[in-house]
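> fold the stuff below for me.
(chains A and B)
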Amino acid sequence: MAKIDIFVNDQPVSVKEGTLLLKVLEAQKISVPTLCHHKDLKPEGSCRLCSVEVEVDEQREMVTSCNYPVREPIRVWTETETVIKHRRMLAEMLLGRWPNVPAIKKIARQCGVTESRFTSDLTDPNPKACILCTHCVRACAEFAQEHIIDFAGRGIKRHVAMPFEKVDPHCIGCTSCAYVCPTGALRIVDDLNNPVNPTLIRNHGMKVNAEMATLDAHQCRMREVGTANIVSVMNAYDLLPVMNYRFGTHEEVYKIDGGILKEKYFTQNMPDGCWKGCSMACAKTIDNFELRTGPYKGQLVTVDGPEYETAGGGSNMGLFDMDAIAEFNFYCDTYGIDTISGATCIAFVMEAYEAGIIDKTVTGGLDLHFGQSGSVLELLHQMSRGEGFGVDVGHGIRWLKKHWGETLNLTDEQKAFLQDIGMEVKGLEVSEYMCKESLAQQLGYGMAVKGPQHDEAWLIFMDMVNNEIPTYEDKAQALYYFPLWRTWFGLYGLCKLCWNDVTPADNKMTAEPQKVPDHVNNYFKFVEGMTGRKLNEEIMLNESARVHNLQRLMCLMLGKGRRNEDYMPYRGIGPVTKVEYESRQERYDKQLKEVLGIDPAGKTTEQKMALIREYREEQYDKTLDVVYKRRGWDPNGVPTVERLKELGIDMPELVAIVEEYKRSL
Amino acid sequence: MIHNRILEMRRKHVVLAELSYEPTPLLHGYTDKVLRVDATTNTFRIVDVPPTMKELWTGGKGYDLWLMFQEINKNTRWDSPENVICFSSGPLGGTASFPGSGKTLCTTVSPATGSIMDANVGGYFGPYLKFAGFDALVLAGKADEEIIVVIDVPNGKITIEKAPDEAVDAHVVCEELTEMYADNEDDKRNIAVVAAGSASDHIWMGVLNFSFYDWRRKVARIKQAGRGGMGAVFRNKKFKALVIKNKFFTPSWTIAEQPFADEFKFPEVTPERVLDKQGMQDIISRWNSSRDHVVEMLLEAQARQGCITRDIIDDITNATGTPKSHLYHIVTFYPVFSLTPTGRQTVTGEPPAGIPILHGETILSSFGAPDPENINNAMKQGAYDALAKTCKTMTPDAIIQAITESGLRGRGGSGFPTGIKWRTAADAAAQQKKAAHVVCNADDSGPGASIDRTIIESNPHGVIEGIIIGARAVGATEGHIFIRKEYKTALDRLEKALVLARSKGFLGPNILGIGFDFDIRIHQGAGAFVNGEATAVIQSMSGRAGEPVARYVHLTETGFKGAPTVVNNVETWVNIPAIISRGAAWFAGIGAVDAAGKRIGTSTGTKVFALSGAVNRAGLVEVPMGTTLRTLIETYGGGVAAGKRLQAVHIGGPSGGFLPPEKLDMPLDFEPMAEAGCIMGTGDILVIDSSACLISLVASFTKYLAAESCGKCTPCREGLQQIHAVVQRIRDGKGTDTDPVFLEELADTIRHTSLCSFGGTAGNPVLSSLRYFRDRYDKHIKTGKCPSDHAEVR
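Alright, predicted model coming up:
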């Protein structure tokens, strides 16, 4: 943005066009009294204390610096006789009305006023009076988007109120209003959980609320489009699953990205949290959506979503049609179908169909080419009715591979192909990230205890978009730390999105930006405020590791939870088909040349694919070894008794699981 | 009736098991209790959480897994009766003061993986489970028939019930159960449901849906515990749903009481309902349930009910989505509304009809058509000719060019050049690729003001035509006329004129066949002097109280609905057709000249003034810009009334200024008036004779101004109140020597620091009277009483 040269108190200053004048003055360490200004709220310009003199086109006028954007080469004076005179009068007004409020007395002192000529029967001696600073009303609107409080009355009788001067039962009790109140006029405590120190919780929670109010619009736009904001990001970084994870990008993605959702689908400016007081408000909806198929055809419904995973599922099935995705979303929800498993499994079926492994005799006559939205929706209706091919699809990829292997006359090559392209691990379908180029995410998926869901290890963004874990060691460390950190949220009933889908403005300057250290500290304070226990990283990791290991042991008890279950299908690691290789030939050739030291020239695509595969599978295996070790697991991915001891969970019933596994070897 | 259907459904329930219990209160995020429900045996168990469990497994998923570990064995499969589904929301769950703190963690043995599955999900179930007294819930066993589990906190009861008739599909069953267990609409927020869906009966990728009632949308919304087929396990156990009914929770919100709190105390007795629900719905529907018209809805409701009740506010909020707090602000902002039937002023009649027209030139000359509602008549006299001309021969640029060349300045405020305003808006609209809005502010008037109203009443088509021409010039598709409801005749005529203009194809799609789509809607205001301020008009048109907004980015860049917006007043708009028809040069040529034939002042065209007070003839006078005050009073007003001596002239309405007789030769034009200490304002000119007490007059203005201040900014809110107090005490003979200086300083600060031009001009009555009539103040202060012949004081 253009720079503008201005003069502040006759000193030249160069500022970015559009910067608010008060920000310029603050940067120049010029003190200006303020009352309605709040660093985390939009400028209001109502107290008028920050008025300064500005000369534009040789005309001098008083402007409020808090909301005055610098758009031309102005001259500013902050301490002229005029400014001081008016400031003092304003301070006198405030002091006359609220003589005992410390915040007012401070402003008066700052303006050099100790006595006020203003007295009236409205003079309020209460030291904790409401001084109409407007912070609470703005916080209710900007932090929480609730608009539960507003002003009432007019003129001198203006005051803050809930309707009819009664507490509105719709108030969610988020306490944003009390947090920003400078006088203590406003009181409310979030004590439903009966915490040790509610104020400590609030003070850290509100830091995040403030970030949502001030930064989200420039960061992830969670309030506008929810998690779907990353559709276009994933596409830009070649990470969006397209047509069963063959590709990472598609030219029609604009038809299903956040832009179109905001413009045409999602209702805006609503407090859309899925729990009260969540300022991230990412649970977006399409309101009054008319269904075009199925038993509710013609009805206007509210679609909860689509979230990123559902839109990404759309591209995975080749659906670049938001209406179709919205309808898929709605029917999955109401029928109780996992949109992720549904989309990933259907994408697998579509590829098998296009590859000629299955045909219409298998699909019950459905055309399952990529992009066939009618067939996709019909599969859902069949799942609901419990009939047809849909029921087969609803049993998932692992079941289908087995079933087809048993019922169709498949060649070994076809069976191997299905193993390669069937994006499931442990029997669970992979969520919607194309992780071929991200080793960290491949292992994040492969090693996730329950199966390949990003909630345990969503490393693709820090690996591929932010490039925060470039080295092999970084990735291995990330595969130790983040699954534990992300598991930790599940121990406390927390959502992970508020951790890193908004970050402090200076997060990038911290030593470990991928951890969002300030937010980690907020959470530790949250626990301290609730339970009185003080946390640090070690305690946190151990808390989490106990549960993580317990889950792994329980899997082991059920005959699962070993190394052979921790592998990704090759589709998730590298190119299975020629078309995939060729779509990113440059990248693969480069890897051959620079990493493997093999000249790709003169080699066929098949040869090159084989070399890449060998290399990547080896990398995967090596990393597994390192991470198992880091986690205190044996090379087969089983927690060692030593590790259980270290964590203090070496109780007999758990040790017995390990012992029994050892006996079974 | 949906409710009967629900009752019928509930009647079919058979209680299989019931447990009365006292919910354990939370301490530091924990209840230390777990609820186990067994569907095979229809039994409940409330189990204490041992300290070691808390220490080792923390809560949430840790609790789920540990509890599950106590139940399953190495042979457990997803559909084994000993498989369990565990639910828990951790110690921080259910916090509202830290965002993202309401997740429920669920675990089970999955059909898809045959292994341990976990999922986290939003919605209200997990936090409500804690408030119901349980850190975790274990669902065990398998039922024979479709069952639901209901945890009813207010009644301290947990039941397992056969529920044969409820739907299985989540969006239906969540609605049904929310409706069934809520006592009323407000109570729906206290219901949380867990359900699966019909596909979960047949497939392995079934989810659990967790509801949360969205009171704004009136929908039980759902979030999913999606992975690994938990819904399939749930349905395999024959669970149709889980329901928690939580206690009503009203935060203990308090705010320091104001000294005037009593005035706003809500009446204990609910007024008898005159306006029934249907009547209110009709009003809302008439205004298309639009947030832009909540003021109109409230005005109609006030007229019918005689006050604004909670029901009225609730109904409007439900239909329009306007926050209740904003509606409450509106009804406490305008005196026309009242909260009690006996409270404040409830009915505002139409002000008396306009005063006579003494002299007209351009605007007023076209008046007096026998029937202003007759469009054919109006067209015979040339109405819409200018529109036709612009459509046939002029580009939008050419229109703006013509208006710029005419020198037309906004008649409502400080005289901003209309052409420049339009140019800015047109450029912004083109740059932002947005349709602009044009607004006619017909609320720009104080008490007794009559000019805009008279113009509309006599020449509604002229105003409409001007707006249409302006709309095409700036690229607007929507126009708005903002007028206070109490101007009944003007409103009526406007409404009729709009219908007629539409019928002739001057409004609507494809105007005059040139592919220009444009229409105008009327917004009714509740009456506030501060609504002369354009930003306040936009607020009022957007479902907010009519308060100005502090901003340095002009409305022509971002205005109504964020789009570039042109706001002009009635008199400005009505000048447009004449400028187009007769040419910019003609308009630019209008202006008073001195004896030597030289133009006085710089403004062009004419201006209408409303002359009143101690003159022989009172009425509306249209004169060329630059005409002197003397000419106006002597030539058109017939001079000062017989037997009276001129003491002062007050120009510009409530925030105008007082001028002494020496200023009679001042030209009536923006700059000379500003220099003299008055404003064009409402165009009111009040001639004051020697019998009036000037200080009393000042006091009547300051009283009005203090009452009309919106209260948003400090100087206007606190300052005007104080100014009035000081003027009042001087008037009453209780002033002190320092008062005039204090007044002057105060008025000066209000003028220079106020947020809007209401405050910017509100000091005028005091400043101008101090400047020209200081002696009146001194005399009152010195003698403690009012001099008998005021003109003689000096």
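
> CA only for contacts and neighbour counts going forward, please
OK.

> against which helices or strands is whichever helix or strand residue A:342 is part of packed?
Per DSSP states H and E: residue A:342 is located in helix A:339-354. Under the contact criterion of 3 or more CA pairs under 8 Å, 6 or more residues apart in numbering or on different chains; DSSP states H and E, helix A:339-354 touches helix A:308-316, helix A:322-335, helix A:389-393, helix A:396-407, strand A:428-429.

> now these as JSON lines including distance to residue A:260?
Listed next are these as JSON lines, based on distance: least, CA to CA, whole Å:
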{"stretch": "helix A:308-316", "distance to residue A:260": "12"}
{"stretch": "helix A:322-335", "distance to residue A:260": "8"}
{"stretch": "helix A:389-393", "distance to residue A:260": "30"}
{"stretch": "helix A:396-407", "distance to residue A:260": "31"}
{"stretch": "strand A:428-429", "distance to residue A:260": "28"}
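
> dump those to TSV, plus mean neighbour count.
Converted to TSV, the helices and strands packed on helix A:339-354 look like this (neighbours: other CA atoms under 10 Å in any protein chain shown):
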stretch	mean neighbour count
helix A:308-316	29
helix A:322-335	25
helix A:389-393	23
helix A:396-407	17
strand A:428-429	29
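
> any idea which of those gets closest to residue B:583?
Closest of those to residue B:583 is helix A:322-335, at 52.9 Å (criterion: CA to CA).

> what is the mean pLDDT for that closest one?
For helix A:322-335, the mean pLDDT works out to 98.

> and residue B:725, what element?
Assigned by DSSP H and E, residue B:725 falls in helix B:720-731.

> ok, and what's touching the following helix or strand past that helix?
Going down the chain from helix B:720-731, the next helix or strand is helix B:739-753, by DSSP H and E. Contact partners of helix B:739-753, identified using CA atoms under 8 Å, 6 or more residues apart in numbering or on different chains, comprise A:48, A:51, A:61-63, A:86, A:89-90, B:715-716, B:719-720, B:723, B:726, B:759-764, B:766-767, B:770, B:777.

> restricted to buried residues, select the residues you listed in PyMOL.
Command for PyMOL, covering only those of these found buried under the criterion 16 or more other CA atoms under 10 Å in any protein chain shown:
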select buried, (chain A and resi 48+51+62+63+86+89+90) or (chain B and resi 715+716+719+720+723+726+759+760+761+762+763+764+766+767+770+777)
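
> among the contacts of helix B:739-753, which lie within helices?
A:86, A:89-90, B:720, B:723, B:726, B:759-762, B:764, B:766-767, B:770, B:777 (DSSP state H).

> any stretches of chain B with poor pLDDT?
B:1-2, B:267-268, B:342-355, B:365-370, B:372, B:444-448, B:788-794 (pLDDT under 70).

> can the helix holding residue B:725 be said to contact chain A?
Yes - counting by CA under 8 Å from any CA of the partner chain, chain A is contacted by helix B:720-731 at B:721, B:722.

> which residues sit against that helix?
Here helix B:720-731 has contacts from A:118, A:120, A:156, B:695-696, B:698-699, B:702-703, B:705-706, B:709, B:735-736, B:739, B:743, B:746-747, B:750, B:762, B:777, B:780-781, B:784-786, using CA under 8 Å, 6+ apart.

> please enumerate the helices of the stretch 451-600 of chain B.
With helices called from DSSP state H, counting those that start in this stretch, the stretch 451-600 of chain B shows them at B:451-458, B:460-474, B:488-503, B:534-540, B:570-582, B:584-588.

> can I get those in a markdown table including mean neighbour count?
Formatted as a markdown table, those follow (neighbours: other CA under 10 Å):
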| stretch | mean neighbour count |
| --- | --- |
| helix B:451-458 | 24 |
| helix B:460-474 | 27 |
| helix B:488-503 | 18 |
| helix B:534-540 | 25 |
| helix B:570-582 | 23 |
| helix B:584-588 | 18 |
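
> dump the ones you listed to TSV, plus distance to chain A.
Shown next, in TSV, are the helices of the stretch 451-600 of chain B (distance: least, CA to the nearest CA, whole Å):
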stretch	distance to chain A
helix B:451-458	26
helix B:460-474	24
helix B:488-503	25
helix B:534-540	14
helix B:570-582	26
helix B:584-588	26
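
> which bits of the stretch 251-400 of chain B sit near chain A?
B:251-260, B:264-266, B:310, B:323-326, B:328-330, B:332-334.

> buried members of those residues into ChimeraX, please.
Buried members of those, defined by 16+ other CA under 10 Å, are picked up in ChimeraX with:
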select /B:251,253,254,255,256,257,258,264,323,324,325,326,328,329,330,332,333,334
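
> and the residues of the stretch 251-400 of chain B next to chain A, which of them are in helices?
Secondary structure from DSSP H places B:310, B:324, B:325, B:326, B:328, B:329, B:330, B:332, B:333 of these in helices.

> my guess is residue A:269 meets residue A:145, correct?
Yes - Residue A:269 is in contact with residue A:145 according to CA atoms under 8 Å; the separation is 7.1 Å.

> the two: who's more crowded?
Set side by side, residue A:269 and residue A:145 show more neighbours around residue A:145, with 21 against 13, by other CA atoms under 10 Å in any protein chain shown.

> per-residue pLDDT, that one?
With respect to pLDDT, residue A:145 has a value of 95.

> that one: what's it in contact with?
Contacts here follow CA under 8 Å, 6+ apart; on that basis residue A:145 touches A:269, A:270, A:271, A:279.
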